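1. only geometry, no sequence info:
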């Protein structure tokens, strides 16, 4: 291996885009990168003051720069503007974290067609669009890290989640293709597959269980986790952020095409 190849492999990222990053998992990942002083672009829903608060939090955490680019992840045109604006304002796009996603549950025969289309568009097609638009600059710079936040549902299925499971399985397949196509260009692509994480959506499920069964919140948490997650604890947001940071570093230059469960033993059953 030439000295030039070694130098390129050791390159560290300076800029990152995290989609769906105004709350929950995406925000935690963005904060992890902020603490490592990267320039950060985010997108996501929220009122102006809420988004301003997130950007301020990122800057206080150490982000070299923090911007929000409004975009509807179900629209290819909006995604085009998201990637172009990120590259123009930050100067490059070294790390792409595809995190944006939505959920809807119903039996297949009751699943609204428009909900299927929306989930596939936001949870799967958006990652294709961001990736195809980010790759040319990554290839030009001979460096890039693409991290797709999949789910344990990219590896196993659950009832009433047809669109979500299909999209997450699709994300893992897309990740593998990108990894193969970019294997010799110092660009990696990996999927992270979280189990139960205590996001606002999951908190709502806990509350629903507690109300339905007339039990305490702690009992509802245990009931939720015991069905799937042997550790009986939620995956911490900080754990997901730490894994993203590692996969973005030069230490992970040979990790590509992987689907990494971080699920308290869920997929070990």
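-> On my side now, so go ahead. In this text, all values refer to a predicted model and were calculated from it rather than measured experimentally.

2. which residues of the stretch 151-269 of the chain fall in helices?
-> Listed in chain order, the helices of the stretch 151-269 of the chain (DSSP state H, counting those that start in this stretch) span residues 162-181, 200-213, 217-226, 237-248.

3. Check the stretch 1-150 of the chain too.
-> Secondary structure of the stretch 1-150 of the chain, counting by DSSP H, counting those that start in this stretch: helices at 3-9, 24-34, 48-61, 76-90, 113-120, 126-141.

4. Residue 151 is nearest to which of these?
-> helix 24-34 (10.3 Å; CB to CB). Just so you know, the C-beta spots here come from the backbone N, C-alpha and C atoms, and that holds for glycine as well.

5. Next, the angle helix 200-213 makes with that closest one.
-> Relative orientation of helix 24-34 versus helix 200-213 (axes from the mean of the first three to the mean of the last three CA atoms, to 10 degrees): 140 degrees.

6. who does helix 24-34 touch, helix- and strand-wise?
-> Counting contacts by 3 or more CB pairs under 8 Å, 6 or more residues apart in numbering; DSSP states H and E, helix 24-34 packs against strand 15-18, strand 39-42, helix 48-61, strand 95-98, strand 144-149, helix 237-248.

7. As TSV, those with mean pLDDT and mean neighbour count would be great.
-> Listed next are the helices and strands packed on helix 24-34 as TSV, based on pLDDT from 0 to 100; neighbours: other CB atoms under 10 Å:
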stretch	mean pLDDT	mean neighbour count
strand 15-18	98	28
strand 39-42	98	26
helix 48-61	98	15
strand 95-98	98	29
strand 144-149	98	26
helix 237-248	98	19
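
8. pretty sure residue 226 contacts residue 232?
-> Yes: contact criterion CB atoms under 8 Å: residue 226 and residue 232 qualify, at 6.4 Å.

9. Let me have the helices and strands packed on helix 24-34 in a markdown table, extended by distance to residue 176.
-> Output for those, formatted as a markdown table (distance: least, CB to CB, whole Å):
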| stretch | distance to residue 176 |
| --- | --- |
| strand 15-18 | 21 |
| strand 39-42 | 26 |
| helix 48-61 | 31 |
| strand 95-98 | 14 |
| strand 144-149 | 10 |
| helix 237-248 | 15 |
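
10. quick one: which of these is nearest residue 30?
-> strand 15-18 (4.6 Å).

11. For residue 226 and residue 232, indicate the residue with more neighbours.
-> residue 232 (13 against 10; other CB atoms under 10 Å).

12. what ranges of this structure fall below the confidence cut-off?
-> The chain contains residues with pLDDT under 70 at 1-10.

13. Show the contacting residues for the most centrally placed residue in it.
-> Ranked by distance to the mean C-alpha position of the chain (CA atoms, centre = their mean), the top residue is residue 99 at 2.6 Å. Contacts here follow CB atoms under 8 Å, 6 or more residues apart in numbering; on that basis residue 99 touches 18-21, 25-26, 29, 149.

14. ok, residue 173 - how many residues close by?
-> Using other CB under 10 Å, the number of residues around residue 173 comes to 13.

15. can you put the contacts of residue 99 in a markdown table and add distance to residue 103?
-> Formatted as a markdown table, those follow (distance: CB to CB, whole Å):
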| residue | distance to residue 103 |
| --- | --- |
| 18 | 19 |
| 19 | 16 |
| 20 | 12 |
| 21 | 17 |
| 25 | 13 |
| 26 | 14 |
| 29 | 18 |
| 149 | 13 |
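
16. Can you tell me which of those are classed as buried?
-> 18-21, 25-26, 29, 149 (16 or more other CB atoms under 10 Å).

17. Name the stretch among the helices of the stretch 1-150 of the chain that sits most buried.
-> Highest mean neighbour count of those: helix 24-34, a mean of 25 (counted as mean count of other CB atoms under 10 Å).

18. Now tell me what touches it from outside.
-> 16, 18-21, 40, 42, 44, 54, 57-59, 61-63, 66, 95, 97, 99-100, 149, 194, 197, 199-201, 237-238, 240-242, 244-245, 248.

19. Which elements pack onto the longest strand that the chain contains?
-> Secondary structure of the chain per DSSP state E: the longest strand is strand 187-194. Contacts defined by 3+ CB pairs under 8 Å, 6+ apart place strand 187-194 against helix 126-141, strand 144-149, helix 162-181, helix 237-248, strand 259-262.
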